[in-house]
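Colleague: Take this sequence and fold it.
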Amino acid sequence: MVLNGFEPTHANVFSHGPSSMVCTVWDWDSNGKHDYIGEFEATFKEMRGAIDGRQVQWPCLNPKYKVKKKNYKNSGIVILNQCKIIKMHSFLDYIMGGCQIQFTVAVDFTASNGDPRNSCSLHYIHPYQPNEYLKALVAVGEICQDYDSDKMFPAFGFGAQIPPDYKISHDFAVNFNEENPECAGIQGVVEAYQACLPKLQLYGPTNIAPIIQKVAKSASQELHTKEAMQYFILLILTDGVITDMADTREAIVQASHLPMSIIIVGIGNADFSDMQMLDGDDGILRSLKGEPVLRDIVQFVPFRNFKHASPAALAKSVLAEVPNQVVDFYNSKGIRPKVPAHFPSSRPFGP
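Modeller: I've put the predicted structure just below:
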């Protein structure tokens, strides 16, 4: 955009009715005291004229000068040399085009949650009342379930000693079927959780990098299809402090290049500062080597803030960033949504 041979460094565009826009032109100053030059009104159809390589121009008018100066004509001529139209696709465009959302659930079974036989435990086994993990799993899971393509949830646990040899594991199938860790709907995850809990020995440490890497492996395989029609979301339920923070940061940085997002739900009243740091809302998350995330893929939700809130409030918080994260990924790869059609259900979750 050229103004009397001078190139203004800032312009704002505002809608002014169904067919026209008001464009304000400013001279940008580093001290923040930008100088208002003037404005002009244009239609989208007029601006499109520059697509063919011909110049389009408008007089730039400053209302104050128009009143004060008798012979004032304009503050210059705005010349549009080139116009490029970029269509911004929405989350719904990709879903309608066949993008399939695949949710994976991961549950923290570390000893910091407390002995399940103790009523103070977040994993307390009560015959009639759901514990804190079950409350969060059902509340959040039912929200996510509506977005999942096949309603089958691979469910994993981490931080426990598991049968038969009771070795520590950070990515075991909650149903103990490593070949097929999928559960039918959130109710299936609930039943698998309730069945496995008495058989486990809660242990530690709280390492979440392995489960992130496990889901990232499937997301990486999907990326190699070039169409990346499946988008993976890892839902982690944990009680707090992460012990493999360096590896977790590295895993998140690598996962930010893949069709993948992570939702972390904090259970209980622990210090969740680590989780908030991973969320990246207060700054760009980096690996220890200094590599930044390609895009923000982590959303942290402290469940204690929503125990008495409406399902709508919880849903808004849990899924607040997911649509934009999905769109950001596809935009970064230059992948456009397909024309709406019937697409087959997803393939099984890979090991």
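Colleague: Run through the strands of the stretch 251-351 of the chain in chain order.
Modeller: For the stretch 251-351 of the chain, strands defined by DSSP state E, counting those that start in this stretch occupy the ranges 260-266, 298-302.
Colleague: typo on my end, the stretch 51-200 of the chain
Modeller: Under DSSP E, counting those that start in this stretch, the stretch 51-200 of the chain gives strands at 56-59, 77-80, 100-108, 152-158, 160-162, 167-169, 172-173, 182-184.
Colleague: quick one: which of those is nearest residue 254?
Modeller: strand 100-108 (16.6 Å; CB to CB). Using the backbone N, CA and C atoms, a C-beta is placed for each residue, glycine as well.
Colleague: just to revisit the earlier point, of all the strands of the stretch 251-351 of the chain, which one comes closest to residue 140?
Modeller: Once those are compared by CB to CB, strand 260-266 is nearest, at 5.6 Å.
Colleague: May I have that closest one as PDB, with CA atoms only?
Modeller: Extracted C-alpha coordinates of strand 260-266, given in PDB (Å, rounded to 0.1, in the frame of the first residue of the first chain):
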ATOM      1  CA  MET A 260      -2.000 -33.900  18.200                       C
ATOM      2  CA  SER A 261      -3.200 -32.000  21.300                       C
ATOM      3  CA  ILE A 262      -2.900 -32.600  25.000                       C
ATOM      4  CA  ILE A 263      -5.600 -31.800  27.600                       C
ATOM      5  CA  ILE A 264      -4.300 -32.200  31.200                       C
ATOM      6  CA  VAL A 265      -6.900 -32.400  34.000                       C
ATOM      7  CA  GLY A 266      -5.600 -31.700  37.500                       C
END
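Colleague: what's the neighbour count on residue 214?
Modeller: 22 (other CB atoms under 10 Å).
Colleague: switch to numbering from 13
Modeller: OK, 13 is where the count begins now, so the last one is residue 226.
Colleague: quick revisit: how about the strands of the stretch 63-212 of the chain in JSON lines, adding distance to residue 77, mean neighbour count and mean pLDDT?
Modeller: Listed next are these as JSON lines, based on distance: least, CB to CB, whole Å; neighbours: other CB atoms under 10 Å; pLDDT from 0 to 100:
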{"stretch": "strand 68-71", "distance to residue 77": "12", "mean neighbour count": "16", "mean pLDDT": "90"}
{"stretch": "strand 89-92", "distance to residue 77": "15", "mean neighbour count": "18", "mean pLDDT": "90"}
{"stretch": "strand 112-120", "distance to residue 77": "55", "mean neighbour count": "25", "mean pLDDT": "95"}
{"stretch": "strand 164-170", "distance to residue 77": "65", "mean neighbour count": "25", "mean pLDDT": "96"}
{"stretch": "strand 172-174", "distance to residue 77": "74", "mean neighbour count": "21", "mean pLDDT": "97"}
{"stretch": "strand 179-181", "distance to residue 77": "74", "mean neighbour count": "15", "mean pLDDT": "96"}
{"stretch": "strand 184-185", "distance to residue 77": "73", "mean neighbour count": "23", "mean pLDDT": "97"}
{"stretch": "strand 194-196", "distance to residue 77": "69", "mean neighbour count": "18", "mean pLDDT": "97"}
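Colleague: Could you dump those strands into CSV and include distance to residue 206?
Modeller: Output for those, formatted as CSV (distance: least, CB to CB, whole Å):
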stretch, distance to residue 206
strand 68-71, 67
strand 89-92, 65
strand 112-120, 11
strand 164-170, 12
strand 172-174, 15
strand 179-181, 19
strand 184-185, 15
strand 194-196, 11
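Colleague: Any idea which of those gets closest to residue 131?
Modeller: Residue 131 lies closest to strand 112-120 among the strands of the stretch 63-212 of the chain, at 18.9 Å (CB to CB).
Colleague: what helices or strands is that closest one leaning on?
Modeller: helix 144-157, strand 164-170, helix 221-235, strand 242-250 (3 or more CB pairs under 8 Å, 6 or more residues apart in numbering; DSSP states H and E).
Colleague: Least reliable of the ones you listed by average pLDDT, please.
Modeller: Looking at those, the lowest mean pLDDT belongs to helix 144-157 (a mean of 91).
Colleague: rewinding a little: so which of the strands of the stretch 63-212 of the chain comes closest to residue 278?
Modeller: strand 112-120 (10.0 Å).
Colleague: okay, the angle between that closest one and strand 242-250?
Modeller: 20 degrees (axes from the mean of the first three to the mean of the last three CA atoms, to 10 degrees).
Colleague: Show the low-confidence segments of the stretch 163-312 of the chain, by residue range.
Modeller: 238, 293-294 (pLDDT under 70).
Colleague: check contacts around the residue lying closest to residue 74 once chain neighbours are set aside.
Modeller: Nearest residue to residue 74, sequence neighbours excluded (CB to CB, 6 or more residues apart in numbering): residue 50, at 3.9 Å. Contacts for residue 50 (CB atoms under 8 Å, 6 or more residues apart in numbering) come out as 36-37, 72-74, 77, 86-88.
Colleague: Let me know whether residue 269 touches residue 306 as I believe.
Modeller: Yes. Taking CB atoms under 8 Å as the definition, residue 269 is a contact partner of residue 306 at 5.2 Å.
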